[in-house]
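>>> Fold the following.
(chains A and B)
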Amino acid sequence: MKNKIQNLTQRATENAYKNGLFPFSDFPEIEVEEPKNNAQGDYSTNIAMKMAKIQKMAPHKIAEAIVSAIEDPEKILEKCEIAGPGFINFFIRNESWYPFLKNIHEKGKAYGSSNIGLCKKLQVEFVSANPTGPLHVGHGRGAAVGDSVANILSFCGYDVQREYYINDSGRQIRTLGLSVFLRYQELFGEPVAFPEDCYQGDYIRDIAIALQKNHGRELLFQKKEEAIDRCAKYAAEIILDGIKTDLIDFHVTFDKWYSEQSLFDSKKVETIIREFKDKKIIYEKDGANWFKTSDYGDEKDRVVIRENGLTTYFAADIAYHKDKFLRGFNRVIDVWGADHHGYIPRIAASVEASGYKKDQFHVILVQLVNLLRGGEPVAMSTRSGEFVTLKEVVDEVGSDAARFIFLTRHYESPLDFDLELAAKKTNENPVYYVQYVHARISSIGRKAAEEKKINVMDWDENVIHLLQEPEEIQLIQQMVKYPETVNSSAETLEPHRITFYLMNLASSFHAYYNKHKVLSENKDLTEARLYLIVAVKIVIQSGLALLGVSAPDKM
RNA sequence: GCGCCUGUAGCUCAGAUGGAUAGAGCAACGGACUUCUAAUCCGUAGGUCAGGGGUUCGAAUCCCUUCAGGCGUGCCA
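You can find the predicted model right below:
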């Protein structure tokens, strides 16, 4: 509809010029927007104001010229008004909306989808938590955001792959091994000093116990480093399995689990470092090897090989990101915790140095989650091992509520997550507000089939014509905005736009529901209204699916 | 110190590409269930868009500056 208005204005402007109403043929791009105020029409354009300077005419005069030249062969317009400083306001005839309603039924589940992605291969990498402990709430937010972004992009025609990068090498893995080994030794009554920088959580003890069960005391007789290494592998596997289970319970799945260690095993890290050395992008100083990230906009150069000969995490990341592009992804999106933002320039630098464009790489920074219970902060400290895990949250409030709440904020604003509120089944909790729409419509559908013997509604121009209530037209208008909302959500990588859209649509539906009865003695009207609300159901279901939230038929 | 993010109603937050009288939800107050599910609806009230300057027909939005909070600024990840 917006496009139609835009085209119509475009033609009118050109016609006006042909008719000699404008001195110059230089026309700015036509912007059409939806005024908040109903009195200002369904759509409006500011074109007259934008043209004022070029044409050296008063905006009002320009608007008059354009309006006089409007052709409306499809008869979509009710009327056209010039208002304020020179806005042209368009009022749409009710009948013009009906084809859009029909379109929703015809497209069904595909309504709102598009091909703006042109089947381009795109990767979303998210969560990627170290396999050194269970996922916590912050990871949950990242998981919800990443998964939803992937859903949305896929819906918009991208060929999306979801990937989890496993940091299964390096120091933190050794620390994990050491932590487990020490706890293991403890089990045999050996007095051990447990360092502060080891992992403190109880899950480490559980792993040590499992290890004892399966392997008895054999690790005690191994060389210490070998034992630690075995502990590390053993623990990482158990923890990673736990992470996978937690994610499945949170309805998040991945297409690929990519091992950091494999980058070393396949010599990819070695290769890229040699390559960059040859290109003089990596140089030696103070016994270490430095990447000239400052040539690509970073504030200083970064170490890739330490003085002790070990590579840094960054070295693996250079190889990893290059590998992403080598695997054929045109666009790569990383979802990180906001505390890693200082890392962006150096990865962007590595992408550029590898021969790709900066804008092919994008980072979504997800802010922290403050966990509350009844308004009181819940103590969280990774250090002491006292943190609330994602699993605990999902067990307590459910996956739907958790995911929805994670997506009710722009990911760049910090989020207060109140466990008590999330578990509440009242209108303080927006998940149920939206899901309730779906349940209500399903319920009406069941009732219609039982009592009115009405099942499938076919498009019937004459029946649909009975939809004349302002609330009904408004519902259609809002549903027409769904595809635009999905697109803008994909372009900006902001899933919360879908969340807010759904809350708005839900609000309109609930208001309609309370004001007008769908099922009545008037069979035609009943059919028309069923046709309308089933469309609402389709859109709600679609939007919730993009968020990874279920759409229940009963509540 | 430097860099990034944030600052909008009592609280939690939306307001992409500058547009008309800045919007929701919660909390507060007043109403609506012999009714397709009250997990709902209707109404009232609530604002110096952190402060100040600038850009222009027009700024919550862009620029400069001040203030407040968070994060980053490792040969850690």
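>>> Give me the average confidence score over stretch A:180-188.
Averaging pLDDT along stretch A:180-188 gives 93.
>>> Which residues does that stretch contact?
Here stretch A:180-188 makes contact (Cβ atoms under 8 Å, 6 or more residues apart in numbering) with A:192, A:194, A:198, A:204-205, A:207-209, A:211-212, A:217, A:219-220, A:224, A:227-228, A:231-232, A:234-235. (Glycine included, C-beta is placed from N, CA and C.)
>>> so which residue of the stretch 301-450 of chain A comes closest to RNA strand B?
A:Gly342 (2.3 Å; Cβ to the nearest atom of the strand).
>>> Specify the local secondary structure of that residue.
When classified by DSSP: H, G, I helix; E, B strand; the rest coil, A:Gly342 comes out as helix.
>>> got it, and A:Leu122?
strand.
>>> Could you check how many residues crowd around it?
With neighbours defined by other Cβ atoms under 10 Å, the count for A:Leu122 comes to 20.
>>> how far away is it from A:Arg327?
Note on A:Leu122: its distance to A:Arg327, by Cβ to Cβ, to the nearest Å, is 11 Å.
>>> Could I get the contacting residues of the residue of the stretch 301-450 of chain A closest to RNA strand B?
Shown in contact with A:Gly342 (Cβ under 8 Å, 6+ apart): no residues.
>>> what separates it from A:Thr293, distance-wise?
From A:Gly342 to A:Thr293 the distance is 12 Å (Cβ to Cβ).
>>> swap in A:Lys256?
A:Lys256 is 27 Å from A:Thr293, by Cβ to Cβ.
>>> For these two, indicate the residue with more neighbours.
A:Thr293 (24 against 12).
>>> ranges for the strands of the stretch 401-550 of chain A?
A:415-418 (DSSP state E, counting those that start in this stretch).
>>> Show me which residues of the stretch 451-555 of chain A sit near RNA strand B.
A:484, A:488, A:491-492, A:494, A:496-497, A:500, A:503-504, A:507, A:510-511, A:513-519, A:553-555 (Cβ under 7 Å from any atom of the strand).
>>> In PyMOL, how would I select just the buried ones from these?
Selection of buried members from those for PyMOL, criterion 16 or more other Cβ atoms under 10 Å:
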select buried, chain A and resi 484+494+496+497+500+503+513+518
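>>> In helices, which of the residues of the stretch 451-555 of chain A next to RNA strand B fall?
Counted as lying in helices by DSSP state H, out of these, are A:484, A:488, A:491-492, A:496-497, A:500, A:503-504, A:507, A:510-511, A:513-515.
>>> And those residues, which is closest to A:Val388?
Of all these, A:His496 has the smallest distance to A:Val388: 22.8 Å, by Cβ to Cβ.
>>> how about the closest one, what does it touch?
Listed by Cβ under 8 Å, 6+ apart, the contact set of A:His496 reads A:Leu407, A:Thr408, A:Arg409, A:His410, A:Tyr411.
>>> at 7 Å what do you get?
Shown in contact with A:His496 (Cβ atoms under 7 Å, 6 or more residues apart in numbering): A:Leu407, A:Thr408, A:Arg409, A:His410.
>>> and RNA strand B, which of those contact it?
A:Thr408, A:Arg409, A:His410.
>>> ok, and the most crowded of these?
Neighbour counts for the ones next to RNA strand B among the contacts of A:His496 peak at A:Arg409, which has 19 neighbours (criterion: other Cβ under 10 Å).
>>> Surely A:Leu419 touches A:Gly374?
No - assessed by Cβ atoms under 7 Å, A:Leu419 is found out of contact with A:Gly374, at 8.1 Å.
>>> tell me which element the spatially most central residue of chain A falls in.
Centroid-nearest residue in chain A: A:Val149, 2.8 Å away (criterion: Cα atoms, centre = their mean). According to DSSP states H and E, A:Val149 maps onto helix A:137-155.
>>> for that helix, what is the average pLDDT?
91.
>>> Listing request: residues of chain A with sub-threshold pLDDT.
Low-confidence segments of chain A, defined by pLDDT under 70: A:375, A:379-387, A:426-428, A:456-457.
>>> And it, what are its domain boundaries?
As given by automatic domain parsing, the domain ranges for chain A are A:2-92, A:107-114+A:429-547, A:171-249.
>>> May I have the residues that are in contact with A:Leu493?
A:Val149, A:Ile333, A:His362, A:Ile364.
>>> Quick check: the gap between the closest residue to the last one other than its chain neighbours and A:Glu494.
What that stands for is A:Ile364. Ranked by Cβ to Cβ, 6 or more residues apart in numbering and with sequence neighbours excluded, the top spatial neighbour of A:Ile364 is A:Val335, at 4.7 Å. Applying Cβ to Cβ, the value for A:Val335 to A:Glu494 is 13 Å.
>>> Is any residue of the helix or strand harbouring A:Asn15 near RNA strand B?
Following DSSP H and E, one finds A:Asn15 within helix A:2-18. No - remark: helix A:2-18 sits outside contact range of RNA strand B, by Cβ under 7 Å from any atom of the strand, the gap being at least 9.1 Å.
>>> Show me which parts of that helix are buried, residue by residue.
Across helix A:2-18, burial judged by 16+ other Cβ under 10 Å covers A:Lys4, A:Ile5, A:Gln6, A:Leu8, A:Thr9, A:Ala12, A:Thr13, A:Asn15, A:Ala16, A:Tyr17.
>>> RNA strand B contacts on the stretch 301-450 of chain A?
Proximity of the stretch 301-450 of chain A to RNA strand B, by Cβ under 7 Å from any atom of the strand, involves residues A:302-303, A:306-308, A:312-314, A:338-343, A:367-368, A:408-410, A:412-416, A:425-428, A:430, A:432-433, A:436, A:439-440, A:442-444, A:447.
>>> repeat that with 6 Å
For the stretch 301-450 of chain A, the residues in contact with RNA strand B (Cβ under 6 Å from any atom of the strand) are A:303, A:306-307, A:312-313, A:338-343, A:409-410, A:412-416, A:425-428, A:432-433, A:436, A:439-440, A:443-444, A:447.
>>> Just the ones of these in helices?
A:Tyr313, A:Tyr432, A:Tyr433, A:Tyr436, A:Ala439, A:Arg440, A:Ser443, A:Ile444, A:Lys447.
>>> Just the buried residues of those residues.
A:Tyr432, A:Tyr433, A:Tyr436, A:Ala439, A:Arg440, A:Ile444.
>>> Distance to A:Ile282 for those - can I get that in CSV?
Listed next are those as CSV, based on distance: Cβ to Cβ, whole Å:
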residue, distance to A:Ile282
A:Tyr432, 55
A:Tyr433, 55
A:Tyr436, 58
A:Ala439, 59
A:Arg440, 62
A:Ile444, 66
